[in-house]
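Enquirer: coordinates only, sequence not included:
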Ligand SMILES: C[S@@+](CC[C@H](N)C(=O)[O-])C[C@H]1O[C@@H](n2cnc3c(N)ncnc32)[C@H](O)[C@@H]1O
């Protein structure tokens, strides 16, 4: 059973995320993608970023934990949501953009490299990927959850030739410069 298959962990996460505002990251995506573009969010969790994305894009939310999807559907039955594992990218729809905020560090480095390749396959030409990750060079496990940290260099090493690396920028979420966002464009 995964960590977020447990309803108690989902509730605790939702509470913890209450004051969080990811608008700055979505503003970065808006610089690269036209209004009205189709965007797939990986690991939508409670749906805070999903709602901000929906202000500018036709957004499809996804998560590999049904508890998050069910919880969000109860609030917004019209939302376009899919059960999707970011490691497998088992979806046959295409999008102009793919977004995630602090999700892909749960994958191994090998899984993330493969996921990026599969993301490229479901992106329209010229499509944009924006992912945020924790900054650093360690790997750790907390409460059974994997955390893999990245620097500009280590992330760059797993980006395939199907992408142009547009941005790799450090930013602050909790502690100074503790995070990294990357923007890739499909060639
Ligand atoms: C930090 S939360 C994301 C919060 C979200 N950006 C928001 O605005 O509320 C991380 C999410 O990633 C999901 N997740 C973890 N591993 C995943 C995977 N392999 N595939 C899809 N989602 C995953 C978790 O279930 C959780 O909902």
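Expert: Received the coordinates, thanks. Keep in mind that what you see is a predicted model, and the values were worked out from it rather than measured.
Enquirer: close to the ligand, is the longest strand along the chain?
Expert: In the chain, assigned by DSSP state E, the strand with the most residues is strand 123-134. No. With Cβ under 6 Å from any ligand atom as the criterion, the ligand is not reached by strand 123-134; the gap is at least 8.4 Å. Heads up, the C-betas are built off the backbone N, CA and C, glycines and all.
Enquirer: what strands line up against that strand, and which way round?
Expert: Strand 123-134 has its sheet partners listed here by DSSP bridges as strand 95-101 (parallel), strand 179-186 (antiparallel).
Enquirer: deepest of those strands, which one?
Expert: Looking across the strands paired with strand 123-134 with neighbours counted as mean count of other Cβ atoms under 10 Å, the highest average goes to strand 95-101: a mean of 25.
Enquirer: list the buried ones in the helix or strand just after that one?
Expert: Downstream of strand 95-101, the first helix or strand assigned by DSSP states H and E is helix 109-121. Neighbour counts over helix 109-121 (16 or more other Cβ atoms under 10 Å) mark 111, 112, 114, 115, 116, 119, 120 as buried.
Enquirer: and helix 109-121, what's its mean pLDDT?
Expert: Helix 109-121 carries an average pLDDT of 97.
Enquirer: so the residue nearest the centre of the chain bridges to which residues?
Expert: The centroid of the chain falls nearest to residue 100 when counting by Cα atoms, centre = their mean (1.3 Å). Judged by DSSP bridges, the bridge partners of residue 100 are residue 131.
Enquirer: can you pull the pLDDT of it?
Expert: You'll see residue 100 listed with a pLDDT of 98.
Enquirer: ok, now which ones touch it?
Expert: 41, 42, 43, 86, 130, 131, 132 (Cβ atoms under 8 Å, 6 or more residues apart in numbering).
Enquirer: swap in 7 Å and give it another go.
Expert: Residues near residue 100 by Cβ atoms under 7 Å, 6 or more residues apart in numbering: 41, 42, 43, 86, 131.
Enquirer: with residue 170 instead?
Expert: Counted by Cβ under 7 Å, 6+ apart, residue 170 has contacts 135, 177, 179, 180.
Enquirer: interface residues of the chain facing the ligand?
Expert: 4, 17, 22, 42-49, 63-65, 68, 85-87, 101-103, 106-107.
Enquirer: among the residues you listed, which ones are in strands?
Expert: Under the assignment DSSP E, those contribute 63, 101 to strands.
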